[in-house]
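> Structure for this input, please:
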Amino acid sequence: MRWATFDCFGTLVDWRHGIRTGADLIAPGRGERLLAAYNRHEAAVQAETPAPRYRHVLAEALRRACADEEVALGADDASVLATTLPYWPVFPDVGAELSALRAAGWRLALLTNCDRDLIAETRRRLPVPFDAVVTSEDVGAYKPSDAHFEAFRCTYEPTTWVHVAQSYFHDMVPAHRLDIPRVWINRQGDPPGDEKVVQQVQRDLGGLLAAVERA
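Numbers count the residues shown, from 1 in each chain. From the prediction side, this is the model:
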């Protein structure tokens, strides 16, 4: 049984667009700066113990970003990201490339730093079906913890498994630590990092089937 697992936001869904445009709704013209500030805070919020729900992560990281940028928030403004998340756009290469994987006999799963209700809304917009989902709500932790990967391994017992994701920090590092074959979708053109961590690297999902099978 061959499985390809994916991170969702940043890999399949344009997470940066979603954060930027959501922030622009509450602070017009400030979306790009608030996105950069949000990125500085999210991992720290996720690491808080006990692990907060992702709705809280989105709201709290946005509050801290707004504090950095001296943006005043209204009473419910911090909920804008969770409210708009189900409408964040899917990258245009997702449908064809994941369909090719399914046609070649690969099963597909999501390992996502998200709540069950939010990923359920997002799945309605994804152009291909997924056979399994493991959320942070399920495992009580956020990647780069090993919890998603270990839960998936124990539940589905894959004989062949390749992990595909955009985040070097959240996904490539733990997949390397657990010796899971991996494909880095480096959509932002980030520095290559440790060559031992990255096996296959691509700028987007084009030719994904070949990359997964090489991995």
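> How is this protein divided into domains?
2-14+89-214, 15-87 (automatic domain parsing).
> how far out from the middle of the chain is the first one?
Read it as domain 2-14+89-214. Between the centre of domain 2-14+89-214 and the centre of its chain there are 8 Å (C-alpha atoms, centre = their mean, to the nearest Å).
> From start to finish, how long is it in a straight line?
Its first and final residues considered, domain 2-14+89-214 spans 13 Å by C-alpha to C-alpha, to the nearest Å.
> Format the domains of the chain as TSV; extra columns: mean pLDDT and mean neighbour count.
No exception for glycine: its C-beta is placed from N, CA and C like everyone else's. Output for the domains of the chain, formatted as TSV (pLDDT from 0 to 100; neighbours: other C-beta atoms under 10 Å):
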stretch	mean pLDDT	mean neighbour count
domain 2-14+89-214	96	18
domain 15-87	96	17
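> got the residue ranges for the helices in the chain?
15-26, 31-46, 54-68, 80-84, 94-103, 116-123, 136-139, 147-156, 173-177, 208-214 (DSSP state H).
> For Gln200, name its beta-bridge partners.
Val183 (DSSP bridges).
> what about it, distance to Pro158?
Look at Gln200 and Pro158: by C-beta to C-beta, to the nearest Å, they are 18 Å apart.
> How about Leu209?
From Leu209 to Pro158 the distance is 17 Å (C-beta to C-beta).
> Tell me which residues touch the residue nearest to Arg153 when sequence neighbours are not counted, please.
Sequence neighbours aside, Trp161 is the residue nearest to Arg153 in space, at 7.7 Å (criterion: C-beta to C-beta, 6 or more residues apart in numbering). Contacts for Trp161 (C-beta atoms under 8 Å, 6 or more residues apart in numbering) come out as 2-5, 153, 180-181.
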